[in-house]
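> below is the structure, and that's it, no one-letter string:
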């Protein structure tokens with residue numbers, strides 16, 4: 001598994017997807033929510049200099065969709081779907097039951 005190099009204010013650290021996954025899973029729920037808030041900040045900062053990274057990385061998620069469909073990525077796709085399971089809870093409902101803003 002290839003290493004991810006992250007440059008912090010004081011140092012550069014090497015991470016792997018496995019290390020990031022273990023760290024995320026060891027967090028409490030409020031820490032996990034804060035992780036997503038921090039991810040949003042990173043994407044927003046990137047958007048300031050990279051207009052093609054619009055919104056909250058929607059274009060990246062579209063590219064990721066293609067990777068998740070590749071052979072051998074079945075478990076990754078299941079995990080991705082589990083993370084998305086409650087997404088519709090955040091969209092207001094219309095009186096007839098449909099969602100607004102979609």
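Sure, I can see it. Note that the structure is predicted; figures quoted are calculated from it, not measured.

> state the distance from the closest residue to residue 68 other than its chain neighbours to residue 42.
Leaving aside its chain neighbours, residue 68 sits nearest to residue 77 (4.2 Å; criterion: C-beta to C-beta, 6 or more residues apart in numbering). Every C-beta, even on glycine, is put in place using the N, C-alpha and C of the backbone. Noted for residue 77: a distance of 24 Å to residue 42, by C-beta to C-beta, to the nearest Å.

> now do residue 13
Applying C-beta to C-beta, the value for residue 13 to residue 42 is 15 Å.

> coming back round to it: neighbour count: residue 77 and residue 42, which is higher?
Comparing residue 77 with residue 42 by other C-beta atoms under 10 Å, the one with more neighbours is residue 77, at 15 against 11.

> tell me if that one really is in a helix.
Yes: remark: residue 77 belongs to a helix, assigned using DSSP: H, G, I helix; E, B strand; the rest coil.

> quick one: least confident helix or strand in the chain?
strand 4-7 (a mean of 74; mean pLDDT, DSSP states H and E).

> from the chain's centroid, how far away is that strand?
Relative to its parent chain, strand 4-7 has a centroid offset of 17 Å by C-alpha atoms, centre = their mean, to the nearest Å.

> stretch 71-79 too?
Centroid displacement of stretch 71-79 relative to its chain, using C-alpha atoms, centre = their mean, is 15 Å.

> pull the residues that contact that stretch.
Identification of contacts with stretch 71-79 by C-beta atoms under 8 Å, 6 or more residues apart in numbering yields 67, 68, 69.
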